[in-house]
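[1] Have a look; sequence and predicted model below, questions after that.
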Amino acid sequence: MASSVAPKARGPFSAGRRGGAKPRKALGSAALARWWKVALLVVLVTVGLPLAHAMFGEVVAMLGGAMILGFLLGRWTAR
């Protein structure tokens, strides 16, 4: 008699080949990445703004800083 058990799927859409599940990062690496972003922002403000002010003037430094801050905050909070 024939067996009633179906053979295991081995095609590209079988359970073993699904690409949706990724291993989660450790909690420490997410917190470390967040602090690197904070450090980058602090360095940009303390070095970049006075340098832009000296080279281009106050208006360009403030507009550039606002534009860069808006871009960075938008990228960091996008989901």
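    Yes, it's here. Numbers count the residues shown, from 1 in each chain.

[2] And for V38, the neighbour number?
    Close neighbours of V38, defined as other C-beta atoms under 10 Å, add up to 10. Where C-beta positions appear, they are placed from N, C-alpha and C, glycine not excepted.

[3] Check which residues of the helix or strand of the chain with the lowest mean pLDDT are buried.
    Lowest on mean pLDDT, DSSP states H and E among the helices and strands of the chain sits helix 27-43, with a mean of 83. Within helix 27-43, the residues that count as buried by 16 or more other C-beta atoms under 10 Å are L41.

[4] Check which element follows that helix along the chain.
    helix 49-56 (DSSP states H and E).

[5] tell me the mean pLDDT over that next one?
    Throughout helix 49-56, pLDDT has a mean value of 92.

[6] Just the C-alpha atoms of that helix, please, in PDB.
    The C-alpha coordinates for helix 49-56 follow below in PDB (Å, rounded to 0.1, in the frame of the first residue of the first chain):
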ATOM      1  CA  LEU A  49      28.700  74.800  13.100                       C
ATOM      2  CA  PRO A  50      31.600  77.000  14.200                       C
ATOM      3  CA  LEU A  51      33.600  75.900  11.100                       C
ATOM      4  CA  ALA A  52      30.700  76.700   8.800                       C
ATOM      5  CA  HIS A  53      30.100  80.000  10.700                       C
ATOM      6  CA  ALA A  54      33.800  81.000  10.100                       C
ATOM      7  CA  MET A  55      33.800  80.000   6.500                       C
ATOM      8  CA  PHE A  56      30.400  81.100   5.200                       C
END
